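Participant: please find the sequence and the predicted model below.
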Amino acid sequence: MNILISLLLFSLIVVFHEFGHFLFARAFGVKVLEFAVGMGPRLVSCKRGETEYSLNLLPFGGYCRMLGEDLEEYEEAPEDFTPEERKALEEENRGRSFADKPVWQRFLIVAAGPVFNFILAFFLAIFIVFWCGVDTSQISGVMEGYPAEAAGLQEGDEIVALDGHQVVFFREVSAWFDLHAGDPVQVTVKRGDDRYTTTIVPKYNEERGAWLLGILSKGGRIEADTPAKLLYYAFHEVRFTVTSTFDGLVMLIRGKLSPEYISGPVGIVNTIGETVEETKSYGLLVLMLNLMNLGLILSANLGVMNLLPIPALDGGRLLFFAAEALFRRRLDRRVEGYIHLAGFVLLMGFMIFVMLHDIVRIIR
């Protein structure tokens, strides 16, 4: 049951991503040949209009296959078509190839996938904030002997920025020091109508095994009591998730974050399953809210990862489109196809490595 719930949640996120591509392709008159959930061999399929909708064996990923997206310009006619039927198909497909569309339309079609992930994350955030409220960055006091006390912070102060990065939630402060352990930080504080910035060097706490400013949370969560506040906090829930993902990637590249933090589909499914197991005894509402929170994180993460400028990912294709628009010259499609193919092979190799790493970690 846990695995089924995990796969449904993961599939929802992927389908929403691919639906972004599908919707914009249809809006610009591109023929969508297939809309698939999952990868690998096809399990079931049905054709509605001109699009084949299929469910594939491996429940990780999916795709929206468009006419002319790869090297083929036109859909091949079945062998049993008559010459008249073949000619009619060619006429039907004329001008409906992805490759024939202006670069700005191709850019929007590809960008729509990650954007839809952010939209899904935003809607999930609205539900979470509505039911759970938010943990504000206002502090209830300071710990004796810690840097926050020496810097003059006091009860009622609200932390609004760390090193110039906006802070809305108290958990952002903890997350910051998970990635910037021991580094001096410029803390911007709001006190009443005034703001001031001070540099604080965190202190290591042996008992907790963490670097601390020495500030105390008010605890609990406050309600978003107006529609404006609800949308504001929902936006910042997504913003916090996106920036945390970017920060994590940067720290990983710089070698300051262990690869142990990377999870692939197997690890994600396992995490969802553990969440279901741990929260189902608290009732359906708590279970659903926890799944929504995971969905928010996963959807925003998928959006970020797909925007990375790596061949075979949406970000890599957007990079080619941007270069085409800038230099007013298109790279040979065959060369571009080989580059994306090489990126896909490397990406699949990395995914297999991460999947094996997930399996070993779960067994341990």
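Facilitator: Arrived safely.

Participant: what comes up buried for stretch 42-51?
Facilitator: Thr51 (16 or more other CB atoms under 10 Å). From N, CA and C alone the C-beta is placed, and that goes for glycine too.

Participant: quick check: mean pLDDT of it?
Facilitator: The predicted model assigns stretch 42-51 a mean pLDDT of 90.

Participant: can you give me the helices for this protein?
Facilitator: 2-27, 83-93, 103-132, 147-150, 171-179, 227-253, 265-279, 284-306, 314-327, 333-363 (DSSP state H).

Participant: mean pLDDT lowest where, among those helices?
Facilitator: helix 83-93 (a mean of 66).

Participant: of all the helices of the chain, which one is nearest Leu55?
Facilitator: helix 2-27 (9.2 Å; CB to CB).

Participant: can you tell me which helices and strands the closest one packs against?
Facilitator: Here helix 2-27 touches strand 32-48, strand 51-66, helix 103-132, helix 265-279, helix 284-306, going by 3 or more CB pairs under 8 Å, 6 or more residues apart in numbering; DSSP states H and E.

Participant: export these to JSON lines and tack on distance to Ala234?
Facilitator: Shown next, in JSON lines, are these (distance: least, CB to CB, whole Å):
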{"stretch": "strand 32-48", "distance to Ala234": "27"}
{"stretch": "strand 51-66", "distance to Ala234": "26"}
{"stretch": "helix 103-132", "distance to Ala234": "4"}
{"stretch": "helix 265-279", "distance to Ala234": "21"}
{"stretch": "helix 284-306", "distance to Ala234": "9"}
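
Participant: okay, the helices of the chain in TSV with mean neighbour count and distance to Ser217 next?
Facilitator: As requested, the helices of the chain are exported to TSV (neighbours: other CB atoms under 10 Å; distance: least, CB to CB, whole Å):
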stretch	mean neighbour count	distance to Ser217
helix 2-27	19	30
helix 83-93	12	60
helix 103-132	20	15
helix 147-150	20	12
helix 171-179	17	9
helix 227-253	17	16
helix 265-279	17	22
helix 284-306	20	19
helix 314-327	17	36
helix 333-363	13	31
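
Participant: those helices: which one's closest to Glu158?
Facilitator: Nearest to Glu158, of the helices of the chain and by CB to CB, is helix 171-179 at 11.2 Å.

Participant: centre of the chain versus the closest one, how much separation?
Facilitator: Taking CA atoms, centre = their mean, to the nearest Å, the mean C-alpha location of helix 171-179 is offset from the chain mean by 19 Å.

Participant: kindly calculate the angle that that helix makes with helix 227-253.
Facilitator: Helix 171-179 and helix 227-253 are oriented at 0 degrees to each other (axes from the mean of the first three to the mean of the last three CA atoms, to 10 degrees).

Participant: what is helix 171-179 packed up against?
Facilitator: strand 158-162, strand 210-212, helix 227-253.

Participant: and the contacts of it?
Facilitator: The contact list for helix 171-179 (CB atoms under 8 Å, 6 or more residues apart in numbering) reads 135, 137, 159, 162, 165, 167, 185, 202, 210-213, 215, 240, 244, 247-248, 251, 256-257.

Participant: any chance of the helices of the chain in JSON lines, plus distance to Val37?
Facilitator: Formatted as JSON lines, the helices of the chain follow (distance: least, CB to CB, whole Å):
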{"stretch": "helix 2-27", "distance to Val37": "6"}
{"stretch": "helix 83-93", "distance to Val37": "25"}
{"stretch": "helix 103-132", "distance to Val37": "14"}
{"stretch": "helix 147-150", "distance to Val37": "50"}
{"stretch": "helix 171-179", "distance to Val37": "33"}
{"stretch": "helix 227-253", "distance to Val37": "24"}
{"stretch": "helix 265-279", "distance to Val37": "14"}
{"stretch": "helix 284-306", "distance to Val37": "14"}
{"stretch": "helix 314-327", "distance to Val37": "18"}
{"stretch": "helix 333-363", "distance to Val37": "17"}
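
Participant: nearest approach to Phe10 belongs to which of the helices and strands packed on helix 171-179?
Facilitator: Per CB to CB, nearest to Phe10 of the helices and strands packed on helix 171-179: helix 227-253, 16.8 Å.

Participant: I'd like to check the angle between that closest one and helix 284-306, please.
Facilitator: Using the same axes, to 10 degrees: helix 227-253 against helix 284-306 is 50 degrees.

Participant: number the chain from 33, please
Facilitator: Okay, residue one is now 33; in that scheme the one you just asked about reads as helix 259-285.

Participant: roughly how far apart are Leu152 and Ala355?
Facilitator: Taking CB to CB, to the nearest Å as the measure, Leu152 and Ala355 are separated by 29 Å.

Participant: go on, Gly61?
Facilitator: Applying CB to CB to Gly61 and Ala355 gives a distance of 24 Å.
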